[in-house]
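Student: Got a predicted model here, sequence first, then my questions.
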Amino acid sequence: MPLSPWLPALLGAVAIALGAQLTVPMLPVPMTLQTLAVIAAGLIGGPRVGALAGGLYLALVLLGLPVLAEGKSSGGLGFFSEPSAGYVLGFWVAAALAGWLAQRGLWWGLLGGLAGHAAVLAIGVAVLAFHLGFGDALKYGLWPFLPGAAVKSLAAWGIALGVQQLRG
């Protein structure tokens with residue numbers, strides 16, 4: 001009997017929320033370990049579980065729970081006016097994309113992590129540009145995050161490979 005996607009997705013959403021608490025303070029968007037959890041959820045659970053985990057995390061944010069970076073909260077539709085809203089919106093796309101690519105084989109998982117991070121950054125920068133302008137959105141919302149995105153993609157891929165080995 002196949003496992004329901006809800007429990008792994010809920011665990012993924014909790015991992016994303018926990019990743020938000022490990023931050024490097026930066027303005028206007030802090031660097032966190034959220035995308036490590038987002039990508040790992042997609043690589044481990046596949047596109048359906050990954051997208052569901054990202055969606056559940058967004059629901060926790062919209063409910064006003066303190067699951068954003070540094071334990072902050074921003075409930076309701078007001079969250080969408082936050083500079084970091086685009087990054088969170090990108091989580092469900094990133095996890096689904098990473099999971100979809102990972103289904104194709106071993107090395108595709110690493111590519112999935114990189115592609116997932118690219119999706120988060122693209123959506124995040126697009127929204128951030130409304131707040132700062134495109135040049136500053138690139139300066140503060142893309143360039144500083146690229147090295148971490150590469151490292152977190154590799155780490156998520158390693159975690160997914162470890163989980164795959166444990167599953168047998």
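Tutor: That came through fine. Because the structure is predicted, anything quoted here is derived from the model rather than measured. Residues are numbered from 1 along each chain as shown.
Student: In contact with residue 116, which residues?
Tutor: Applying C-beta atoms under 8 Å, 6 or more residues apart in numbering to residue 116 gives the contacts 35, 38-39, 42, 93-95, 97-98, 153. C-beta here means a position set from N, CA and C on the backbone, and glycine is covered the same way.
Student: Can you convert the residues you listed into TSV and add a column each for neighbour count, secondary structure and distance to residue 6?
Tutor: Listed next are the contacts of residue 116 as TSV, based on neighbours: other C-beta atoms under 10 Å; DSSP: H, G, I helix; E, B strand; the rest coil; distance: C-beta to C-beta, whole Å:
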residue	neighbour count	secondary structure	distance to residue 6
35	30	helix	22
38	35	helix	17
39	35	helix	20
42	35	helix	16
93	20	helix	20
94	30	helix	20
95	38	helix	15
97	25	helix	21
98	36	helix	19
153	26	helix	26
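Student: Could you identify the most distant pair in these?
Tutor: Spanning the widest gap among the contacts of residue 116 are 93 and 153, at 15.1 Å by C-beta to C-beta.
Student: The host helix or strand of residue 137: which residues count as buried?
Tutor: Using DSSP states H and E, residue 137 maps to helix 134-141. Buried residues in helix 134-141, counting neighbours by 16 or more other C-beta atoms under 10 Å, are found at 137, 140-141.
Student: Can you spell out which helices and strands pack onto it?
Tutor: helix 106-132 (3 or more C-beta pairs under 8 Å, 6 or more residues apart in numbering; DSSP states H and E).
Student: Sort out which one of the contacts of residue 116 lies nearest residue 126 for me.
Tutor: Nearest member of the contacts of residue 116 to residue 126, counting by C-beta to C-beta, is residue 93, at 11.9 Å.
Student: Next, the contact list for the closest one, please.
Tutor: So residue 93 contacts 51, 54, 116, 119-120, 123 (C-beta under 8 Å, 6+ apart).
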